[in-house]
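[1] no sequence on this one, just coordinates:
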Ligand SMILES: O=C(O)CCC(=O)C(=O)O
């Protein structure tokens, strides 16, 4: 199964509309992928906090509409990264969306760990409260977002819910790139899953994004990793590998149902 990770920069000088047009051209040039993945908040730009309100959109807004058209035209699954979603009651959330090959929404996830360190995300956005895992032709898939990588309890729950492929759109800064590498690999090893992690590139409002989008297989092998600039990273995975690795080295079955019952 071929996957394309599209590592996008969101420079301050470019408008959202210009960026949507530019990324659409990139997406339409991708040949042979069954799944395409974009980074977190690439159309708005994660660090453009002062524009969050103005750039918020619904699930029929400009980012989702363009991506839905492309998914349907190319006949691919397209994880569009995330948007600042505007809710009817005025709340905003960081919403990740996976589109099916007919352009319909097949998975939606609202970031549950909103980020507050050198970031206004936590004060501007409302955290989500659901964690769906969807069964697709190529396996049980979940999407989570960036900072969520740091929280093992969330991953344990994804694993318990049967996730086999976890898609992680991100706007992870270059300053903590080694954490990005370490955590994406660790989560794959811990849960014997594919981690498909698509990061943003370039700089925004003086913050440098880390790039290095990567795919880690269920044995913990990094099967592809981009450099720091804009890129389309193509990778071929075999979704059956999850079963094969779990059968050969059956760690997950040895997990205790609960650890807080152990005596001190
Ligand atoms: O956890 C980190 O170091 C980065 C998190 C982040 O940038 C985000 O959640 O957007």
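    Received it, and whenever you're ready, just let me know what you need. From a predicted model like this one, the values you see are computed outputs, not experimental measurements.
[2] Alongside the ligand, which residues does the stretch 151-264 of the chain contribute?
    By the criterion of C-beta under 6 Å from any ligand atom, the positions of the stretch 151-264 of the chain lying close to the ligand are 171-173, 176, 179. Bear in mind the C-beta positions are built from the backbone N, C-alpha and C, glycine included.
[3] Can you list which of the residues you listed are found in helices?
    Secondary-structure check on those using DSSP state H: residues within helices are residue 179.
[4] Going through the residues of the stretch 151-264 of the chain next to the ligand, which ones are buried?
    For those, burial is judged from neighbour counts taken by 16 or more other C-beta atoms under 10 Å, and it is met by 171-173.
[5] which among these gets closest to residue 59?
    residue 171 (20.3 Å; C-beta to C-beta).
[6] For that closest one, which non-adjacent residue is closest in space?
    The shortest distance from residue 171 to any residue other than its chain neighbours is 3.4 Å, reached at residue 46 (C-beta to C-beta, 6 or more residues apart in numbering).
[7] any idea which element the one you found lies in?
    Using DSSP states H and E, residue 46 maps to neither a helix nor a strand.
[8] Confirm for me that it is in contact with residue 52.
    No - taking C-beta atoms under 8 Å as the definition, residue 46 is not a contact partner of residue 52, at 9.8 Å.
[9] what about these two, which has more around it?
    Just comparing residue 46 and residue 52: by other C-beta atoms under 10 Å the higher neighbour count belongs to residue 46, 28 against 20.
[10] In contact with the more buried one, which residues?
    With contact set as C-beta atoms under 8 Å, 6 or more residues apart in numbering, residue 46 has these partners: 10, 40, 121, 171, 200, 204, 209.
[11] Pick the one among the buried ones among the residues of the stretch 151-264 of the chain next to the ligand closest to residue 189.
    residue 172 (19.1 Å).
[12] who's in contact with the closest one?
    By C-beta under 8 Å, 6+ apart, the contact set of residue 172 is 146, 149, 180, 199-200, 209-210.
[13] again, only this time at 10 Å
    With C-beta atoms under 10 Å, 6 or more residues apart in numbering as the criterion, the residues that contact residue 172 are 39-40, 46, 146-147, 149, 179-181, 183-184, 197, 199-200, 209-213.
[14] hmm, back to that, among the contacts of residue 46, which are in strands?
    When DSSP state E is applied, those are split such that residue 204 fall in strands.
[15] Pick the one among the contacts of residue 46 closest to the ligand.
    When the contacts of residue 46 are compared for distance to the ligand, the smallest value, 4.7 Å, is given by residue 171; criterion: C-beta to the nearest ligand atom.
[16] next one: phi and psi at the closest one?
    Listed backbone geometry of residue 171 is phi -130, psi 60, with angles given as degrees, to the nearest 10.
[17] ok, back up a step: any shared contact partners between residue 46 and residue 52?
    In contact with both residue 46 and residue 52: 84, 94, 121, using C-beta under 10 Å, 6+ apart.
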